[in-house]
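Participant: The following block contains a protein sequence and its predicted model.
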Amino acid sequence: MCTVVPYKLRYSMRVKRLRIQVVPRGVIAIARHGTAVDDIERAILRHKDFIVEKQKYYQTVESTMIPASYKDCSQLPVLGKNVVLPQDLLDAENRERLVVKWLDTRLMEFLEEKLKKYAEKGLAAAKLRLRSPITLWGSCGNSGIMINRKLVHAPAEVTEYVLVHELVHLVHRNHSSRFWGEVEHLLGDVRAHRKWLNLQGAFLMNGEVPIIH
């Protein structure tokens, strides 16, 4: 454990080099198996100033999120509404995996409905898939669109914005004025959705979910 900046260490074969993530309630170092702990801690110390500034920033954000565990919660926010989990999920031994699968189904139903809507407007994706990237809400390519499965816990309008963002990227590959003009033509003013992702998104990426009254 680094004596100056506490952190959690995760090993992954997917990363090519050490990654340091500053999340709302801590610091995560993601390294390949075999990376020396001394090398990890030296890297963290080199980025100490950035880490401290980022942590100060998170302390200024008024979060609407709370930590949540699929292992023991009985209800979860799903696209802006609190939903009670089915009893068979609550009783299952492999509950966490089944909850993820159940949430994926809810999210795919929502996204596929929206895809039909935007296909009628001339925007269509070859394929839609859900993934769990640690920094991206979505991406697009020739094979289709990827959406972060954690968006199942975001407000419905924010999740729809991410989908539209990626659909428009199939036509406009950059963030030009034409790109934003098309997004706003489809959705209107999206500044509130972008602000939600910028301020609350880091908490959502960190495994927290919105508080819905």
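Facilitator: Yep, it's here. Residues are numbered from 1 along each chain as shown.

Participant: Can you pull the phi/psi pair for the closest residue to P67 other than its chain neighbours?
Facilitator: The shortest distance from P67 to any non-neighbouring residue, by Cβ to Cβ, 6 or more residues apart in numbering, is to E208 (5.3 Å). Quick note: C-beta positions are derived from backbone N, CA and C, even for glycine. Per-residue torsions, E208: phi -100, psi 160 (degrees, to the nearest 10).

Participant: OK, contacts around E208?
Facilitator: By Cβ atoms under 8 Å, 6 or more residues apart in numbering, the contact list for E208 reads 24, 63, 65-68.

Participant: repeat that for 6 Å
Facilitator: Neighbour list for E208: 65-67 [criterion: Cβ atoms under 6 Å, 6 or more residues apart in numbering].

Participant: any idea how far it lies from G122?
Facilitator: Plainly put, E208 is 37 Å away from G122 if you go by Cβ to Cβ, to the nearest Å.

Participant: so which of the contacts of E208 would you say is closest to R106?
Facilitator: M65 (19.1 Å; Cβ to Cβ).

Participant: residue ranges of the helices in the protein, please?
Facilitator: Secondary structure of the chain (DSSP state H): helices at 37-46, 48-60, 87-90, 95-119, 156-169, 177-187, 191-205.

Participant: Name the surrounding residues that touch the shortest one.
Facilitator: Contacting residues not belonging to helix 87-90 are listed as 98-99 [Cβ under 6 Å, 6+ apart].

Participant: same thing but at 8 Å, please
Facilitator: Against helix 87-90 from outside (Cβ under 8 Å, 6+ apart): 74, 95, 98-99, 102.

Participant: And for the second one?
Facilitator: If you take Cβ under 8 Å, 6+ apart as the criterion, helix 48-60 is touched by 4-5, 20, 22, 24-25, 27, 44, 202.

Participant: Buried members of the residues you listed into ChimeraX, please.
Facilitator: To isolate the buried members of the contacts of helix 48-60 in ChimeraX, using 16 or more other Cβ atoms under 10 Å:
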select :5,20,22,24,27,44,202
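
Participant: Okay, and which of the contacts of helix 48-60 map to strands?
Facilitator: 20, 22, 27 (DSSP state E).

Participant: which of the helices of the chain has the lowest average pLDDT?
Facilitator: Among the helices of the chain, helix 48-60 has the lowest mean pLDDT, at a mean of 87.

Participant: just the angle between that one and strand 19-23, please?
Facilitator: 30 degrees (axes from the mean of the first three to the mean of the last three Cα atoms, to 10 degrees).

Participant: Helix 48-60: which residues count as buried?
Facilitator: Going by 16+ other Cβ under 10 Å, helix 48-60 has these buried residues: 51, 54-55, 58.

Participant: One more: stretch 189-209?
Facilitator: 190, 193, 196-197, 199-209.

Participant: No further questions, thank you.
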